[in-house]
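> Could you look at this predicted model? Sequence included:
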Amino acid sequence: MAPVLSRSLATAPLTSFPLNNINNNRRVLNLRNTFVPLNGLRKGFSCSGLKWKLEKRGSRVGVRCEAGVAEKEAPDTPGEKFEYQAEVSRLLDLIVHSLYSHKEVFLRELVSNASDALDKLRFLSVTEPSLLGDAGELEIRIKPDPDNGTITITDTGIGMTKEELIDCLGTIAQSGTSKFLKALKENQDLGADNGLIGQFGVGFYSAFLVAEKVTVSTKSPRSEKQYVWEAVADSSSYVIREETDPEKSLPRGTQITLYLRPDDKYEFSEPTKIQSLVKNYSQFVSFPIYTWQEKSRTVEVEEEEEPKEGEEAKPEDQKKKKTITEKYWDWELANETKPIWMRNPREVEKDEYNDFYKKTFNEFLDPLSHIHFTTEGEVEFRSILYIPGMGPLNNEDVMNPKTKNIRLYVKRVFISDDFDGELFPRYLSFVKGVVDSDDLPLNVSREILQESRIVRIMRKRLVRKTFDMIQEVSESENKEDYKKFWENFGRFLKLGCIEDTGNHKRITPLLRFHTSKSEEELTSLDDYVENMGENQKAIYYLATDSLKSAKTAPFLEKLVQKDIEVLYLIEPIDEVAIQNLQTYKEKKFVDISKEDLELGDDDEVKERETKQEYNLLCDWIKQQLGDKVAKVQVSKRLSSSPCVLVSGKFGWSANMERLMKAQALGDTSSLEFMRGRRILEINPDHPIIKDLNAACKLEPDSSEARRAVDLLYDTALISSGFSPDSPAELGNKIYEMMSMALGGRWGRAEGEGEEEEEEKEAEVVQEDATESETQVIEPSEVRAESDPWND
């Protein structure tokens with residue numbers, strides 16, 4: 001019990017009130033409060049262990065509350081101690097039905113227990129060789145019986161005595177492996193064996209996921225007797241008896257028999273299913289695992305021919321033989337593939353890495369590259385990572401982090417391949433490999449990798465090693481390897497530019513692009529920066545929908561003339577990726593399709609004179625186009641085209657506008673908001689612009705000049721990568737200009753033009769006459785010729 005109030009307040013609370021709240025005649029406070037008694041305050045009072053005092057300070061009255069100090073503390077009375085109780089059947093039900101999400105993990109848990117038993121025997125036999133005896137090799141055998149609906153798992157491990165049966169199987173969450181490791185650590189002379197798998201002490205009970213009854217027969221080399229442990233699902237008790245049947249005697253080890261439930265009998269008693277589960281979960285257990293499988297072989301048998309009448313039977317050596325297929329049952333090794341990540345990388349050949357990759361991930365192509373490493377320190381794990389020889393065929397795999405490409409093992413036992421970005425970011429989801437650790441933070445069912453600082457450290461190291469592997473491929477002498485890698489996985493790295501800002505320094509040197517100087521071969525950003533001119537202060541790029549449209553874009557004209565290299569961004573993700581990078585080696589990325597393009601070597605005097613000369617034309621064109629453009633100005637980027645339409649500095653480019661329009665769930669309101677302002681830039685050296693400049697000054701109201709300006713804007717819209725608002729209207733303008741340009745240049749048939757005009761005039765006159773003669777007749781006035789009411 002807690003003691004009575006045992007401390008006084010260091011500073012008593014003080015509440016003050018103005019004197020005008022006090023009756024001047026009686027000097028009594030008119031207060032009503034839950035803490036103040038109804039008879040008011042005088043010299044003071046005591047209430048509920050609290051002392052109240054009235055104090056006067058100048059023009060204010062204070063009420064001080066002090067806590068009384070207990071003279072004696074109440075002594076602590078000793079309480080009665082109780083042990084936690086548990087309803088065993090309910091606890092087992094929770095372990096079996098709430099701990100595991102997949103029934104098939106029962107085999108993984110039982111095989112892991114058998115492996116631990118073999119490991120214990122191997123370890124103890126170093127100091128006690130007599131424990132091995134002549135009971136055979138250290139191995140695990142699994143025999144399913146479809147007819148009887150049972151699975152029998154036998155190991156030749158250490159076995160258990162009766163006391164160990166009660167201690168290990170009769171006590172829930174009692175891990176025999178954990179106790180064994182604890183004893184090893186206490187006895188430092190024996191060292192410690194970190195190959196043991198068990199940890200929580202509940203894996204054995206996963207057998208009840210599929211079994212309605214479990215029988216464990218075990219024989220320890222330290223005991224002469226063999227005992228049988230038997231339990232039924234949903235029961236709170238078990239039976240232990242001595243095995244007396246000599247036919248069921250074991251030389252050493254443990255034999256577990258699962259009597260499958262009716263619902264699971266047909267699935268888990270199939271030999272092929274058992275073998276696939278062993279290959280998936282226990283492929284790399286250090287002891288051989290044999291499964292009972294049906295096999296076939298070809299044998300020669302003699303054909304039985306009845307002798308004809310009067311003929312003697314042929315001798316045995318002259319009888320005809322035929323070949324038939326014979327089926328039989330035999331043991332088959334299920335875990336042939338060895339965990340090569342446990343070996344020294346210097347001892348493993350390249351062919352071994354490739355074979356391991358093909359068998360583990362069911363691939364038919366050799367990987368492009370691999371890396372085998374071991375990390376030590378705060379987190380210890382071994383890993384082999386691969387770059388596949390071919391990219392994913394389905395685009396959904398690019399965006400899906402759950403690709404099952406990373407297989408996580410703990411002490412060589414498969415745990416999971418279903419990760420949602422815990423070990424690898426989404427943009428590196430194409431990397432395949434295995435990760436094996438001895439001390440990962442797993443939940444009890446060994447299915448979920450818990451988020452922790454250790455996992456974040458592992459992820460960081462795996463990502464770093466992956467970039468080392470890719471960098472090694474990019475620097476190899478065989479350039480075709482990285483070219484193949486970029487074709488298959490280049491878009492993944494571009495996605496990393498968007499999603500992983502922390503690794504920009506590792507991703508950017510790996511990027512490759514076509515450029516204006518290297519249209520066929522891909523160029524790295526390092527090569528681009530190295531080839532830059534002395535006066536070039538930025539990295540220029542142009543985003544389009546294809547390489548062909550990039551080559552012919554009008555934005556390039558002046559840059560190509562000045563021998564400035566431009567990056568071609570021709571994939572949809574390119575522009576967003578570059579915008580997220582912003583700079584590389586202190587050089588900014590500049591979009592040449594946007595306004596305020598500075599090339600660094602302009603003649604300011606000439607530029608000022610040109611602007612003054614064409615100011616009137618720019619204002620006139622802006623007046624003609626209205627709100628279609630934000631402004632019209634003289635261009636610095638054109639040399640052969642008459643004009644170009646550029647985007648505002650902070651809006652979408654033409655390429656981005658095209659991509660956003662193509663979105664399945666695109667929002668038209670956001671499209672209008674994000675679309676940058678459009679600026680028409682004119683080339684003062686082009687004949688069309690010179691003609692329009694003259695028209696502006698001489699005939700500003702000319703209809704032909706106005707039509708030319710409209711057509712000029714529409715063509716600039718298309719050549720700059722934008723989409724026209726009305727393609728049909730644009731087509732009509734082009735047809736009109738074509739008819740004006742042609743004008744019967746090659747001649748027409750005599751009278752053909754006049755006849756066409758006469759036909760058009762006749763049609764117009766006929767239509768007018770028809771309209772004037774048309775008479776509206778009410779339905780009631782319509783009469784047929786044979787109408788009998790006409791009379």
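Cool, the structure landed. Numbers count the residues shown, from 1 in each chain.
> From here on, just use CA atoms for contacts and neighbour counts.
Noted.
> Any idea how far apart the tips of stretch 247-257 sit?
End-to-end distance for stretch 247-257: 16 Å, by Cα to Cα, to the nearest Å.
> buried stuff in it?
By 16 or more other Cα atoms under 10 Å, the buried positions in stretch 247-257 come out as 250-257.
> try stretch 463-477
Under the neighbour-count criterion of 16+ other Cα under 10 Å, stretch 463-477 has 463, 465-467, 469-471, 473-474 buried.
> With pLDDT, distance to Lys548 and secondary structure as extra columns, can I get those in TSV?
TSV is the format used below for the buried residues of stretch 463-477 (pLDDT from 0 to 100; distance: Cα to Cα, whole Å; DSSP: H, G, I helix; E, B strand; the rest coil):
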residue	pLDDT	distance to Lys548	secondary structure
Val463	94	36	helix
Lys465	95	38	helix
Thr466	95	34	helix
Phe467	95	32	helix
Met469	95	34	helix
Ile470	95	30	helix
Gln471	94	30	helix
Val473	94	29	helix
Ser474	93	27	helix
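> could these be laid out in JSON lines, adding distance to Asn148?
Shown next, in JSON lines, are these (distance: Cα to Cα, whole Å):
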{"residue": "Val463", "distance to Asn148": "50"}
{"residue": "Lys465", "distance to Asn148": "51"}
{"residue": "Thr466", "distance to Asn148": "50"}
{"residue": "Phe467", "distance to Asn148": "54"}
{"residue": "Met469", "distance to Asn148": "52"}
{"residue": "Ile470", "distance to Asn148": "54"}
{"residue": "Gln471", "distance to Asn148": "57"}
{"residue": "Val473", "distance to Asn148": "56"}
{"residue": "Ser474", "distance to Asn148": "59"}
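> Poorly predicted segments of the stretch 501-650 of the chain, please.
Counting by pLDDT under 70, the ranges of the stretch 501-650 of the chain that qualify are 601-602.
> quick one, strands of it?
Using DSSP state E, counting those that start in this stretch, the strands found in the stretch 501-650 of the chain span residues 512-515, 523-524, 538-543, 566-569, 583-584, 587-591, 631-634, 643-647.
> So which of these is the most surrounded?
strand 643-647 (a mean of 27; mean count of other Cα atoms under 10 Å).
> What are the buried residues along the helix or strand following it?
As assigned by DSSP states H and E, the chain's next helix or strand after strand 643-647 is helix 654-661. Of all the residues in helix 654-661, those buried under the rule 16+ other Cα under 10 Å are 654-658, 660.
> follow-up on the earlier one: mind telling me the two of the buried residues of stretch 247-257 farthest from one another?
Largest separation among these by Cα to Cα: Pro251 and Thr257, giving 17.1 Å.
> For the protein, which element, helix or strand, carries the lowest mean pLDDT?
Taking mean pLDDT, DSSP states H and E as the measure, strand 14-18 is the helix or strand of the chain with the lowest mean score, a mean of 48.
> so Met160 makes contact with Ser217?
No. Using Cα atoms under 8 Å, Met160 is not in contact with Ser217, being 9.1 Å away.
> what sits in contact with each of the two?
Residues touching both Met160 and Ser217 (Cα atoms under 8 Å, 6 or more residues apart in numbering): Thr254.
> Mind telling me what element Ile151 is part of?
strand 150-155.
> Given that strand, what are its sheet partners and their directions?
Neighbouring strands of strand 150-155 in its sheet, by DSSP bridges, are strand 140-145 (antiparallel), strand 253-260 (antiparallel).
> Tell me which of these lies nearest to Ala553.
In terms of Cα to Cα, the element of the strands paired with strand 150-155 nearest to Ala553 is strand 140-145, at 69.5 Å.
> What mean pLDDT does the closest one get?
Throughout strand 140-145, pLDDT has a mean value of 94.
> what do you get for stretch 698-710?
What stretch 698-710 shows for mean pLDDT is 87.
> Touching it from outside, list them.
Stretch 698-710 has contacts (Cα under 8 Å, 6+ apart) with 620-621, 624-625, 692, 695.
> on that earlier part again, can the strands of the stretch 501-650 of the chain go into a markdown table with extra columns for distance to Asn354?
What follows is the strands of the stretch 501-650 of the chain, written out as a markdown table (distance: least, Cα to Cα, whole Å):
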| stretch | distance to Asn354 |
| --- | --- |
| strand 512-515 | 27 |
| strand 523-524 | 29 |
| strand 538-543 | 39 |
| strand 566-569 | 35 |
| strand 583-584 | 37 |
| strand 587-591 | 41 |
| strand 631-634 | 61 |
| strand 643-647 | 51 |
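> Out of the strands paired with strand 150-155, which is closest to Leu333?
strand 140-145 (9.2 Å).
> and stretch 215-224, which residues are buried?
Buried, per 16+ other Cα under 10 Å, within stretch 215-224: 215-221.
> before we move on, what about stretch 324-339?
Quick answer for stretch 324-339 (16+ other Cα under 10 Å): 332, 334-335, 339.
> Next: stretch 371-385.
Here stretch 371-385 shows 371-372, 374, 379, 381-385 as buried, counting by 16+ other Cα under 10 Å.
> Go through those and flag which are in strands.
Secondary structure from DSSP state E places 371-372, 374, 381-385 of the buried residues of stretch 371-385 in strands.
> Which pair of the residues you listed spans the longest distance?
Greatest spatial distance among those (Cα to Cα): Ile371 and Phe381, at 13.8 Å.
> any idea how far Lys548 lies from Ile274?
Lys548 sits 57 Å away from Ile274, going by Cα to Cα.
> and these two? which has more neighbours close in?
Remark: of Lys548 and Ile274, Ile274 carries more neighbours, 23 against 11, as counted by other Cα atoms under 10 Å.
> quick check, that one in a helix?
Yes. Counting by DSSP: H, G, I helix; E, B strand; the rest coil, Ile274 is part of a helix.
> give the contact list for it.
144, 268, 291.
> Just the buried subset of the residues you listed, written out for PyMOL, thanks.
In PyMOL syntax, the buried subset of the contacts of Ile274 is picked out as below (16+ other Cα under 10 Å):
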select buried, resi 144+268+291
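> of the contacts of Ile274, closest to Glu609?
Nearest member of these to Glu609, counting by Cα to Cα, is Phe268, at 88.7 Å.
> Quick check: the gap between the residue lying closest to the closest one once chain neighbours are set aside and Ile151.
Using Cα to Cα, 6 or more residues apart in numbering and skipping residues adjacent in sequence, the residue nearest Phe268 is Ile274, 6.6 Å away. Separation of Ile274 from Ile151 (Cα to Cα): 9 Å.
> again, but for Val126
Look at Val126 and Ile151: by Cα to Cα, they are 32 Å apart.
> These two: who's more crowded?
Applying other Cα under 10 Å to Val126 and Ile151 shows that Ile151 carries more neighbours, namely 25 against 12.
> Excluding covalently adjacent residues, which one is nearest to that one?
Once flanking residues are discounted, Ile151 sits nearest to Pro144: 4.3 Å by Cα to Cα, 6+ apart.
> can you check Val239 too?
Using Cα to Cα, 6+ apart, the nearest residue to Val239 is Glu230, at 5.2 Å.
> coming back round to it: export the strands paired with strand 150-155 to a markdown table and tack on distance to Val632?
A markdown table is the format used below for the strands paired with strand 150-155 (distance: least, Cα to Cα, whole Å):
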| stretch | distance to Val632 |
| --- | --- |
| strand 140-145 | 83 |
| strand 253-260 | 83 |
